[in-house]
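Asker: My questions concern the predicted model and sequence given below.
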Amino acid sequence: MTISAPSLSECAAWKSLETHYEEVQNLHLRKLFADDPARGERLTVEALGLYLDYSKNRITDETFKLLLELAEETDLRARIDAMFRGDKINLTENRAVLHVALRAPKGASILVDGENVVPQVHAVLDKMVDFSNRVRCGEWLGHTSQRIRNVINIGIGGSDLGPVMAYEALKFYSDRNITFRFVSNVDGTDLAEATRDLDPAETLFIISSKTFTTSETMTNAHSARDWLLEGLGGDTKAVAKHFVAVSTNATKVSEFGIDTGNMFEFWDWVGGRYSMDSAIGLSTMLAIGSEYFLAMLDGFHQMDEHFRTAPFEQNLPVLLGLLTIWYTDFFNAQTVAILPYEQYLKRFPAYLQQLTMESSGKHVTLNGTHVDYDTGPIYWGEPGTNGQHSFYQLIHQGTRLIPCDFIAFGQPLNPLGRHHDMLLANVFAQAETLAFGKTSEQVQAEGTADWLVPHRVFEGNRPSNTILLERLTPETLGKLIALYEHSVFTQGAIWNIDSFDQWGVELGKAMAQRITPELESQTEPELNHDSSTNCLIRCYRKLKKN
Ligand code: F6P
């Protein structure tokens, strides 16, 4: 299939932005604020209880206008509508992209190939609610009639990162009588450490895999099955009580030995990295209970509706997406730092890495031509204030421009003395210092020796967004995740890439499958790789023997 969209760099708004960038690239945030003292009130949006301050970005009103024109010219609105309508916008896989259907209310109608998928979504949700209630209240018992006290989710990529992040983010709301662990790496240490102190009789495994073919997950699932059977005397009937599956592939689930009655389904129109609110979130529901899980879905849905209906100049995901394009393609920024000032969001940057980089790591447009502009920046980050004592130095005084997203909450979940005010003081101080820096005059005025002055100057003009919410709840977490999902959508739509495939990852999977037998072979294998890979394989085989 070919798409006849004009090349992005040929768009009138893009060309205007190129010219405009030449004019404003050296404009300092100090001047922008001095010229417009109300800027910090003006360049903000408040919606759904989320306050976005984007005033500390290197934009003028003209930049803003041109970015909005770019969104119009690249038909962002039509692309949003196409996603919500269930069109097969994932062209290379010929699939609809409907994570928004996962949180649509019961009465809604979203068609895929003429069929309304919302009732299926709610049927699975109902099944999840029933199952999680039974486990949480002790009605679902293990093979030896013991209560389930440990839940281990086995999955990787989207079948792991979302569940881990959500568990950590919502731990405050979780049932502390159940231990939750997450195994993803095929490195045996991951499973060994997750199980070493647990009693198999009290342990439930959730095998989460969209395809049920991912080698890491299947290898871990088989080893987990061995561990369980060994601990429970080898009776294979135990599997039914200790293993459930989340997948789109009933045949493979059944081949593994899991009763498909204990399978929680999702669909090919849910991308792995967009699946944490599908049945892939079963561990989340087990941890926080169905009411909180449904509240999280409601948070997602509110942001979906905002994205679908709000005018672009007030549209939170569109604004974040446009700003990312501005820095990536005009300032040549290579990365975006995600800096949550909330300990419970410690895995949020890691989660966003897959969401953003698997989605936007593309070098061709939808019609297969090589892009002549940059696409996905590298997302990274750590929670504050820890990051301040680690990598912030480079953000403040290094040579690279690193746009930052600060995320913080008005109310702490664990109020403790002055802690929260101190935490928030750091958010505001960092954003202020990054923007305004410290001039040589200011440094000199402090009596600093001349030779030391350059070292202590902060140039400032480092852009950031600050996102403030009242409190971290399941609902606000849903809003926050959907905010970034749709920001990625905005970027991908404008870059005209397929944000929903991941062929690069697929190639790596296939290559590993070819090499594994060469490492396991009892006889010297015939190797037909490049000389480096051949040598590394031989070297490993020798090390392995010693
Ligand atoms: O990392 C690549 C990927 O295909 C992701 O998109 C997906 O989330 C992950 O592998 C796991 O795949 P599955 O859920 O099919 O095991």
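Answerer: Right, received. Where do you want to start? Residues are numbered from 1 along each chain as shown.

Asker: Might you list the low-confidence residue ranges for the chain?
Answerer: Across the chain, the ranges flagged by pLDDT under 70 are 1-6, 546.

Asker: Name the residue of it that lies nearest to the ligand.
Answerer: G272 (2.3 Å; CB to the nearest ligand atom). C-beta coordinates here come from the backbone N, C-alpha and C atoms, glycine included.

Asker: Contacts only, for the closest residue in space to that residue that isn't next to it in sequence.
Answerer: Residue nearest to G272 in three dimensions, not counting chain neighbours: G158, with 3.0 Å by CB to CB, 6 or more residues apart in numbering. Counting by CB atoms under 8 Å, 6 or more residues apart in numbering, G158 makes contact with K210, G271, G272, R273, Y274, S275, M276, I280, Q354.

Asker: Report the secondary structure state of the spatially closest residue to S209 that is not a sequence neighbour.
Answerer: For S209, ignoring the flanking residues on the chain, the nearest one in space by CB to CB, 6+ apart is T217 at 4.5 Å. State at T217, reduced to three classes by DSSP: H, G, I helix; E, B strand; the rest coil: helix.

Asker: Tell me the residues of the stretch 301-450 of the chain that contact the ligand?
Answerer: Within reach of the ligand by CB under 6 Å from any ligand atom, the stretch 301-450 of the chain has these residues: E358.

Asker: all strands for the stretch 301-450 of the chain, in order.
Answerer: Using DSSP state E, counting those that start in this stretch, the strands of the stretch 301-450 of the chain run over 335-340, 378-380, 404-409.

Asker: Could you list the residues of this structure in contact with the ligand?
Answerer: Within the chain, the positions lying close to the ligand (CB under 6 Å from any ligand atom) are 156-159, 209-211, 214, 217, 272-273, 358, 502, 505.

Asker: Inside strands: which ones of those residues?
Answerer: Here DSSP state E is the test, and the residues of the chain next to the ligand give no hits in strands at all.

Asker: Can you flag which of those belong to helices?
Answerer: The helices, defined by DSSP state H, take in T217, V505 from the residues of the chain next to the ligand.

Asker: okay if I get the residues of the chain next to the ligand as CSV plus distance to G40?
Answerer: Output for those, formatted as CSV (distance: CB to CB, whole Å):
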residue, distance to G40
I156, 43
G157, 39
G158, 37
S159, 42
S209, 47
K210, 44
T211, 48
T214, 47
T217, 47
G272, 39
R273, 34
E358, 35
Q502, 39
V505, 41
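
Asker: Narrow the residues of the chain next to the ligand to just the buried residues.
Answerer: Among these, those scoring as buried are I156, G157, G158, S159, S209, K210, T214, T217, G272, R273, E358, Q502 (criterion: 16 or more other CB atoms under 10 Å).

Asker: ok, back up a step: so the residue of the chain closest to the ligand is in contact with D160, correct?
Answerer: No: counting by CB atoms under 8 Å, G272 does not reach D160; the two are 9.6 Å apart.

Asker: so who does the residue of the chain closest to the ligand touch?
Answerer: G157, G158, S159, K210, Q502.

Asker: can you name the two of the residues you listed that are farthest apart?
Answerer: S159 and Q502 (13.2 Å; CB to CB).

Asker: what's the longest helix along the chain packed up against?
Answerer: When the chain is parsed with DSSP H, its longest helix is helix 474-495. When contacts are defined as 3 or more CB pairs under 8 Å, 6 or more residues apart in numbering; DSSP states H and E, helix 474-495 packs onto strand 50-53, helix 61-73, helix 76-85, helix 290-309, helix 316-329, helix 348-353, helix 359-360, strand 464-469.

Asker: Dump the ones you listed to JSON lines, plus mean neighbour count.
Answerer: Below are those laid out as JSON lines (neighbours: other CB atoms under 10 Å):
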{"stretch": "strand 50-53", "mean neighbour count": "19"}
{"stretch": "helix 61-73", "mean neighbour count": "18"}
{"stretch": "helix 76-85", "mean neighbour count": "17"}
{"stretch": "helix 290-309", "mean neighbour count": "20"}
{"stretch": "helix 316-329", "mean neighbour count": "25"}
{"stretch": "helix 348-353", "mean neighbour count": "22"}
{"stretch": "helix 359-360", "mean neighbour count": "22"}
{"stretch": "strand 464-469", "mean neighbour count": "22"}
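
Asker: Centre-most residue in this protein?
Answerer: Closest residue to the average C-alpha location of the chain: L352 at 2.7 Å, with CA atoms, centre = their mean.

Asker: R456 contacts K438, doesn't it?
Answerer: Yes: under the criterion of CB under 8 Å, R456 makes contact with K438 at 7.2 Å.

Asker: can you pull the buried residues of stretch 411-418?
Answerer: P412, L413.

Asker: didn't G188 look like it was pressed against D226?
Answerer: No: counting by CB under 8 Å, G188 stays clear of D226, with 11.7 Å between them.

Asker: Any idea what E115 is bridged to?
Answerer: V112 (DSSP bridges).

Asker: what's the residue nearest to the centre of the chain in contact with, if anything?
Answerer: With CB under 8 Å, 6+ apart, L352 has these contacts: I338, Y379, G381, Y484.

Asker: Which members of these are the farthest-apart pair?
Answerer: G381 and Y484 (11.9 Å).

Asker: out of the two, which sits in the more crowded spot?
Answerer: Using other CB atoms under 10 Å as the criterion, G381 and Y484 rank with G381 on top: 24 against 21.

Asker: okay, now the domains of the protein?
Answerer: Under the TED database, the residue ranges defining each domain of the chain are 27-87+310-495, 100-291, 512-545.

Asker: now those as a markdown table including distance to M303?
Answerer: Formatted as a markdown table, the domains of the chain follow (distance: least, CB to CB, whole Å):
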| stretch | distance to M303 |
| --- | --- |
| domain 27-87+310-495 | 3 |
| domain 100-291 | 9 |
| domain 512-545 | 36 |
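
Asker: so which of those domains comes closest to S9?
Answerer: For S9, the closest of the domains of the chain is domain 27-87+310-495, at 5.3 Å, according to CB to CB.

Asker: Could you single out the nearest of the buried ones among the residues of the chain next to the ligand to A245?
Answerer: Closest to A245, out of all of those and judged by CB to CB, is S209, at 7.8 Å.
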